[in-house]
Every structure is written in structure tokens, then in C-alpha cells.
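Trainee: Okay, here's the prediction I keep looking at, along with the sequence it came from:
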Amino acid sequence: MQTTCLKALVTGKVQGVWYRRATQEQALRHGLTGHATNLPDGRVEVLLCGHQEAVKTVGEWLWKGPENARVTHVEFEVLETHAPDDFRTG
């Protein structure tokens with residue numbers, strides 16, 4: 001299986017609605033590492049690293065998010081980087 005890292009910038013009502021924690025739960029459920037971090041401009045930055053199909057699955061989930069989130073846009077970038085050992089929120 002091929003591994004990859006994907007960076008996503010998620011726009012919408014994604015802060016204060018458990019978006020980071022729900023993203024962490026999805027990532028861990030699919031065996032991914034990375035992070036989900038609030039940005040000062042109201043977006044959430046997500047890094048997903050692991051098996052390509054799992055990254056794709058969670059990447060698609062980012063458009064939905066948890067129940068109270070209202071995602072309006074997700075911008076993706078495939079990264080050539082060393083995958084972190086765990087998944088963190090910040």
C-alpha cells in the first residue's frame with residue numbers, strides 16, 4: 001500500500017464545534033497520523049499521513065465534519081514530508 005501526506009485547509013464554521021477532535025477520531029480510526037490545528041483566520045489546518053486510501057477517505061470526510069460544523073471549502077495539497085508518529089490537535 002502506498003503512503004502519502006495530505007494537507008487540508010478547511011473553511012467555514014469549523015472552530016468551536018469539535019471539528020479538530022472529530023478529525024482526530026476519524027484519523028485514528030483509519031490508522032493515520034498528523035494534526036488538526038485552529039488557524040487565526042478561523043480555518044482549521046489538517047495534516048493526514050498514512051495509507052493512500054485511508055487518507056482519501058478521511059479527506060472526503062473533512063467536507064462533512066462533525067454535526068455542528070458547516071464546511072464551505074476544503075483546499076488540499078499533497079506533501080512530500082516525513083509522517084509524524086501520532087495525531088495531535090492544537
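Mentor: In hand now; what should we look at?

Trainee: all strands of this structure, in order?
Mentor: Shown for the chain, the strands assigned by DSSP state E span residues 3-13, 33-38, 44-51, 70-79, 87-89.

Trainee: And the ones you listed: which comes nearest E25?
Mentor: Taking CB to CB as the criterion, E25 comes closest to strand 87-89 out of the strands of the chain, the separation being 9.2 Å. Every residue, glycine included, has its C-beta placed from N, CA and C.

Trainee: which other helices and strands contact the closest one?
Mentor: Packed against strand 87-89 by the contact rule (3 or more CB pairs under 8 Å, 6 or more residues apart in numbering; DSSP states H and E) you find helix 19-29, strand 33-38.

Trainee: Enumerate the positions of the shortest one that are buried.
Mentor: Neighbour-count burial for strand 33-38, with 16 or more other CB atoms under 10 Å as criterion, is recorded at T33, G34, H35, A36, N38.

Trainee: Pass me the low-pLDDT residue ranges in the chain, would you?
Mentor: Across the chain, the ranges flagged by pLDDT under 70 are 1.

Trainee: Done for today, thanks.
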